[in-house]
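>>> quick one: sequence and predicted model below, then my questions.
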Amino acid sequence: MSDRASVPVAAPGPALGPIARDALAGLLLSMADDEFVIGFSDSEWTGIAPILEEDVAMSSIAQDELGHARAIYELLAGFLGDGRDADAIAYDREPEAYRHARLLDHPRGDWAETIARRFLYDTADAARLAAIGDGWPPLAELVAKIRREERYHVMHAQVWVDRLAGAGGEARERFVAALEALASDASTVLATPEGEAALVEAGILTHPMAVAADAWRAEVTSTLAPLAIRLDLPPAPAAADARTGHSEAFRWLWGEFTSVRRSEPGATW
Amino acid sequence: MSRAVAAGAGATVPTAFPVPVPLDEALVLDVLRTVHDPEIPTISIVDLGIVERVAVTEHRIDVALLPTFVGCPALDIIRDSVLEALAPLGRPARVEFTWRVPWTSERITEVGRQHLASSGFAPPAEPADVRCPYCDSARVAMDSAFGPTQCRSLFYCRDCRQPFEAFKPI
């Protein structure tokens, strides 16, 4: 993420009240952390995916997600103006300070678990992106671009959902078990952010995340029903709970993705 | 004799100065047509549709570009190539990347689509409409939506039995 110079510069957005400002900063951080954590985690498939095409696909998807994370961290860095750049926000926090959803605290796991997590995340992320309004143009413009790319991630996940669930036998068993293990945390991606009312009022969100979560649940249900899979997707707690208290698996991942940065603070390449 | 002609011709050849051309947006665009995508050298950044805006003032040239993908790793190279190409114009230039308008594959010009096809890349189309860039057959199958770069998918032609890459419609 070291290439600050070439990253698009956002025009300053409209003035916001203090509550909306804090809420927007929180929303940006949670969106960027989600993309960063799943992107880094899935990049671990590079070289070891079950088939060559998936090696390429997961690498490409991970590259997309890390690119989205970088762009959102850049927006946040410009918005906060506290002297930190995107790299500092991405890498220089303790594990407790990350605000990714609990769904992404689950480890990458095997291929069935990876596909189950991607499917739940990609569909939830699509519902979240659809809720972003034009109240803060720098985010709205970026989201318009990101949505065009995420369409491919959702297609990719759905192809594999059909394939694993339709295969029967061990593939189906492991895939369904993975979905069930993740189900209780799946809606954490759409947890109600702090200061949501101010975000809706400012037009940064067009509707509350609970509404986005309803649409997402309906979509997951309609994808899985023809495959004779039923999933209970309980509502998420508020973001303050759904995006904190991270797992051991995440602490391990944090150690991996910060290792280069910590080994030589301030290094550039 | 021939030597004398040559010497005489040399004496009347105009100076090396080019015909003066006003430094305006059209000239800058012409220069940008010589800058190529680092991953597909047969297509210029103008035909790729990533040049969003060119503005020329007395003191500066401003170029706004659209990344094809948010995580495109080639932005630095493209920016440097643009600055290098504009340097001979002798006016400070600034390159900015922006999301103000999303780049879409529809921004690729007709000339650009032809250049892609002639280099073995199927121009962007919905998967059902992709044709083989080698034999123009419609009997093609998508192997994977994801290819060697973010903007390309992998296809296979059942007629000429050639694997090829297609630009993702985005």
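Perfect, thanks for sending it.
>>> what is the mean pLDDT for the top helix by length along chain A?
Counting by DSSP state H, the longest helix found in chain A is helix A:137-167. Per-residue pLDDT over helix A:137-167 has a mean of 95.
>>> which strands or helices does it pack on?
Here helix A:137-167 touches helix A:52-80, helix A:111-130, helix A:169-186, helix A:209-224, going by 3 or more CB pairs under 8 Å, 6 or more residues apart in numbering or on different chains; DSSP states H and E. Any C-beta I mention is one placed from the backbone N, CA and C, and that applies to glycine too.
>>> wait, which of the ones you listed is closest to B:Arg91?
Proximity to B:Arg91 (CB to CB) singles out helix A:52-80 among these, at 28.2 Å.
>>> can I get the helix or strand just after that closest one in CSV, CA atoms only?
Once helix A:52-80 ends, the next helix or strand along the chain (criterion: DSSP states H and E) is helix A:86-91. The C-alpha coordinates for helix A:86-91 follow below in CSV (Å, rounded to 0.1, in the frame of the first residue of the first chain):
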residue,chain,number,x,y,z
ALA,A,86,-3.2,5.0,4.7
ASP,A,87,-0.3,2.7,5.6
ALA,A,88,-0.2,4.1,9.2
ILE,A,89,-3.9,3.4,9.6
ALA,A,90,-3.7,0.0,8.0
TYR,A,91,-0.7,-1.3,9.8
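>>> how about the most centrally placed residue in chain B, phi and psi?
By CA atoms, centre = their mean, chain B has its centre lying nearest to B:Ser44, at 1.5 Å. The phi and psi values for B:Ser44, taken as degrees, to the nearest 10, are phi -80, psi 160.
>>> what parts of chain B come near chain A?
B:67, B:69-73, B:75-76, B:79, B:96-100, B:102-104, B:143-150, B:154, B:168, B:170 (CB under 8 Å from any CB of the partner chain).
>>> only the buried subset of these, as a PyMOL command please.
Here is the PyMOL command that picks out the buried ones among those, judged by 16 or more other CB atoms under 10 Å in any protein chain shown:
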select buried, chain B and resi 67+69+70+71+72+75+79+97+98+99+100+102+103+143+144+145+146+147+149+150+154+168+170
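>>> quick one: low-confidence parts of chain A?
Along chain A, segments meeting pLDDT under 70 span A:1-13.
>>> how close does the residue of it most remote from its centre sit to chain B?
Within chain A, the residue lying farthest from the chain centre (CA atoms, centre = their mean) is A:Gly169, at 30.7 Å. Applying CB to the nearest CB, to the nearest Å, the value for A:Gly169 to chain B is 24 Å.
>>> list the contacts for that residue?
Counting by CB atoms under 8 Å, 6 or more residues apart in numbering or on different chains, A:Gly169 touches no other residue.
>>> tell me the contacts of B:Ala85?
B:31-32, B:34-35.
>>> near chain B, which residues of the stretch 51-200 of chain A are found?
Residues of the stretch 51-200 of chain A lying near chain B (CB under 8 Å from any CB): A:53-54, A:56-57, A:59-61, A:63-68, A:70-71, A:138, A:141-142, A:144-146, A:148-149, A:151-152, A:155-156.
>>> now do the SS call for the closest residue to chain A within chain B.
Closest residue of chain B to chain A, CB to the nearest CB: B:Gly71 (1.6 Å). Recorded secondary structure, B:Gly71: coil (DSSP: H, G, I helix; E, B strand; the rest coil).
>>> hmm, B:Thr149 and it touching each other?
No: at 10.6 Å, B:Gly71 does not count as touching B:Thr149 under the criterion of CB atoms under 8 Å.
>>> ramachandran angles for B:Phe167?
Torsion angles, degrees, to the nearest 10, at B:Phe167: phi -70, psi 140.
>>> quick one, strands of chain B?
If DSSP state E is used as the criterion, the strands of chain B fall at B:51-56, B:61-65, B:93-97, B:121-122, B:140-144, B:152-157, B:163-167.
>>> okay if I get those as a markdown table plus mean pLDDT?
A markdown table is the format used below for the strands of chain B (pLDDT from 0 to 100):
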| stretch | mean pLDDT |
| --- | --- |
| strand B:51-56 | 97 |
| strand B:61-65 | 97 |
| strand B:93-97 | 96 |
| strand B:121-122 | 94 |
| strand B:140-144 | 92 |
| strand B:152-157 | 94 |
| strand B:163-167 | 95 |
